[in-house]
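Q: Fold the following, please.
(chains A, B, C and D)
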2 protein chains.
Amino acid sequence: MSVDGIRARNRAAIEAEILRVAGEQLAHTGAAALSLRAVARDLGMTPSALYRYVADRDDLLTLLIIDSYTSMADSVEAALDRSAAVAPADRFRTIGRSTRAWALDHPHRYALIYGSPVPDYRAPADRTTEAGTRVPNLLLAVLADLPAPPEEPATDRALAGMLADPATTALGIGGAILRRGLTAWMLVLGAVSTELFEGFGSDAFSEPEVLFESVLDTAVEIVLD
Amino acid sequence: MSVDGIRARNRAAIEAEILRVAGEQLAHTGAAALSLRAVARDLGMTPSALYRYVADRDDLLTLLIIDSYTSMADSVEAALDRSAAVAPADRFRTIGRSTRAWALDHPHRYALIYGSPVPDYRAPADRTTEAGTRVPNLLLAVLADLPAPPEEPATDRALAGMLADPATTALGIGGAILRRGLTAWMLVLGAVSTELFEGFGSDAFSEPEVLFESVLDTAVEIVLD
DNA sequence: CGCCATAGAGAACACTGTTCACGCTTTGAG
DNA sequence: CTCAAAGCGTGAACAGTGTTCTCTATGGCG
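A: Numbering: from 1, shown residues only, chains lettered A, B, ... in the order given. All right, here's what the predicted structure looks like:
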């Protein structure tokens, strides 16, 4: 059964190579311009040979999405480990800052994840969720350390799906705090997207990080009420 | 000089037709799958004939971006006219609600504007800004009716670019209120994007509009302090 | 050692954006 | 009214794309 046969090892190495050069292409041509043939060229392969490792162009995109989620989650986790912050508000800030930093470092990857899905293409949820929920789970862990605010029955129903999720039930997170955390996170994402996609012209924000810090302030206020 | 010669009239009509069928294609195949040849086919033209009206594929994309900005601004303006709200908070809510409604109606157009730019393609600012600033200007008009909060020198510098813009100086909008309005708007955009791009799985939000109303509440709180 | 799954090559098909040379038709000026 | 010019459209062509076949040989496993 040997999962570690030479064959499998080579295959894994080549798959990693494919992901590497595809990632390079993504980094400076963007997702829409990603070309299977160009990837094959960079690898010294025939285009058709690529199909031994990748089912589709969409499949390669899915791999890149998973890879991007993983890269972002690794980056945020590393920032959390690096920081000595214990207070929930500080940890939230750390998550926000590292998310923004990662997004600025990998704009096309961020766009791939939080921007528009490429064509009509919906990433298959069963393959992306595991990597995609890592950062949200870090946020949930922060929320779990917060005192429970008064209940909010109306929005609880609206969040039924997320409240029933084992990730939140295991941490004993209630509807009110979940709503606040989600709102704060939406604000962070909105701020990052706006800055990244230059929604207000390129010279509108002269000191983006100052502005982002103020956004983090209000986000923390939202979470803490 | 006749700006309205038969020639020009036909040209305008055909340009409108092109924009129409390109818009249809955008609506159900997405921006990345937009095909010049397909547009030409739908119009009964030769692909090369299209180049009399459109310089590039990117040019067509730019036209669609402008068109989308216009469509969204028209929609928001219509909602504002329809509503009898005069209080700034209510008008802000109207803008937020109609923006979300428009985005849900035209997800691909929204993605084209607020999602990721298509390839590495940056929309030429000089052509899109006029249409693109209409909704922000509506927001500025709302902010102008608000009492001035205490000053915030730190973020004022960060917003120098926007503060110097004639659109804000004409309304006498200060840095503090601008910062709040911008933050609130980022929250709205983050909420719409999250809902639209299904950032948390498809069944996470059982009652999206209830959740969005709660987001609007927080956004109004941000603006009013 | 021999078998055969596997990796890869290469050609082919249907697309795409884009350009070019060529005609036809309308327009506006002399 | 004439006639050159401008505008509009065609059709062919080129390079590039995703994708699918058929083929070959090589290296690992029984």
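
Q: Tell me the buried residues in whichever strand or helix holds residue A:127?
A: In this structure, residue A:127 is located in helix A:125-132 according to DSSP states H and E. Neighbour-count burial for helix A:125-132 flags A:128, A:131-132 (criterion: 16 or more other CB atoms under 10 Å in any protein chain shown). Bear in mind the C-beta positions are built from the backbone N, C-alpha and C, glycine included.

Q: Dump stretch A:166-183 to CSV, restricted to CA.
A: What follows is stretch A:166-183, C-alpha atoms only, in CSV (Å, rounded to 0.1, in the frame of the first residue of the first chain):
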residue,chain,number,x,y,z
PRO,A,166,-19.6,22.9,15.7
ALA,A,167,-16.8,25.5,15.5
THR,A,168,-18.8,28.0,17.4
THR,A,169,-20.8,25.7,19.7
ALA,A,170,-17.6,24.0,20.9
LEU,A,171,-16.4,27.4,22.1
GLY,A,172,-19.7,28.3,23.6
ILE,A,173,-20.1,31.4,21.5
GLY,A,174,-23.5,33.1,21.7
GLY,A,175,-25.4,34.9,19.0
ALA,A,176,-24.7,38.5,20.3
ILE,A,177,-21.0,38.2,20.4
LEU,A,178,-20.9,36.3,17.1
ARG,A,179,-22.9,39.1,15.5
ARG,A,180,-20.5,41.7,16.8
GLY,A,181,-17.4,39.7,15.8
LEU,A,182,-18.8,39.1,12.3
THR,A,183,-19.6,42.8,11.9
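
Q: That one near chain B at all?
A: Yes: contact of stretch A:166-183 with chain B (CB under 8 Å from any CB of the partner chain) involves A:179, A:182-183.

Q: Go through those and give me the one with the most neighbours.
A: For the residues of stretch A:166-183 next to chain B, the largest number of neighbours (other CB atoms under 10 Å in any protein chain shown) sits with residue A:182, at 27 neighbours.

Q: any idea which element that residue lies in?
A: Using DSSP H and E, residue A:182 falls in helix A:175-196.

Q: Which elements pack onto that helix?
A: helix A:88-105, helix A:107-114, helix A:134-144, helix A:153-158, helix A:160-164, helix A:208-224, helix B:175-196, helix B:208-224 (3 or more CB pairs under 8 Å, 6 or more residues apart in numbering or on different chains; DSSP states H and E).

Q: Using neighbour counts, pick out the buried residues of it.
A: Neighbour count says helix A:175-196 has A:175-196 buried, by 16+ other CB under 10 Å.

Q: Just give the nearest non-adjacent residue to the residue nearest the centre of chain A, would you?
A: Nearest to the centroid of the C-alpha atoms of chain A, with distances taken as CA atoms, centre = their mean, sits residue A:69, at 4.3 Å. Closest residue in space to residue A:69, ignoring its immediate chain neighbours: residue A:131 at 3.7 Å, by CB to CB, 6 or more residues apart in numbering or on different chains.

Q: Domain-wise, how is chain A divided?
A: Annotated domains of chain A cover A:1-54, A:57-224 [automatic domain parsing].

Q: Please identify the most buried of those.
A: domain A:57-224 (a mean of 18; mean count of other CB atoms under 10 Å in any protein chain shown).

Q: What pLDDT does the model give the residue lying closest to residue A:210 once chain neighbours are set aside?
A: The shortest distance from residue A:210 to any non-neighbouring residue, by CB to CB, 6+ apart, is to residue B:158 (3.9 Å). What the model reports as pLDDT for residue B:158 is 94.
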